[in-house]
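Undergrad: got a sequence here, can you build the structure:
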Amino acid sequence: MTTALIDLKTVARDDRGLRMALAGELDCYTAEQVGPRLRELAGSGHRNLVLDLCGLSFCDSAGIDLFVGLHRRCRAEGTRLLLCDVPPLVAKSMRVLAADRDLQFVVS
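TA: Numbering: from 1, shown residues only. Now for the predicted structure:
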């Protein structure tokens with residue numbers, strides 16, 4: 001039996017947008033698992049797509065690349081991508097890779 005290393009679940013859906021929680025380890029393998037669903041949500045017509053990352057225990061460059069690509073997809077679809085409760089080490093990695101220039105962080 002294999003245990004999932006990443007979990008994506010809907011937290012809230014209302015007129016302000018869609019709030020999703022991402023928990024676990026985000027790497028090249030798990031980014032391929034959740035990427036299609038996130039890209040689908042980017043084009044679902046929500047005003048905002050909020051990703052709560054407080055449960056993220058690990059995120060490598062593949063995960064950060066997923067967020068940057070998702071941001072671009074959201075922008076093209078007229079949706080705002082907001083990253084919420086980004087763990088300090090993940091935020092630091094985003095700064096090092098200059099991804100924080102494109103991504104928008106919010107406090108929950």
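
Undergrad: what helices or strands is the biggest helix by length in the chain leaning on?
TA: Secondary structure of the chain per DSSP state H: the longest helix is helix 61-77. Using 3 or more Cβ pairs under 8 Å, 6 or more residues apart in numbering; DSSP states H and E, the elements in contact with helix 61-77 are strand 17-26, helix 28-42, strand 48-59, strand 80-84, helix 88-96. Backbone N, C-alpha and C define where each C-beta goes, glycine included.

Undergrad: list the contacts for R47?
TA: D15, R16, G17, T79, R80 (Cβ atoms under 8 Å, 6 or more residues apart in numbering).

Undergrad: only whichever of the residues you listed are buried, select them in ChimeraX.
TA: Remark: buried members of the contacts of R47, expressed as a ChimeraX selection using 16 or more other Cβ atoms under 10 Å:
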select :17,79
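
Undergrad: how about the nearest residue to A23, chain neighbours excluded?
TA: Spatially, and ignoring its direct neighbours in sequence, A23 is nearest to G55 (2.8 Å; Cβ to Cβ, 6 or more residues apart in numbering).

Undergrad: ok, R16 - contacts?
TA: Counting by Cβ under 8 Å, 6+ apart, R16 has contacts R47, N48.

Undergrad: likewise R80?
TA: R80 neighbours (Cβ under 8 Å, 6+ apart): G17, R47, N48, L49, C74, Q104.

Undergrad: cool, and L70?
TA: Per Cβ under 8 Å, 6+ apart, neighbours of L70: G35, L38, R39, A42, L49, L81.
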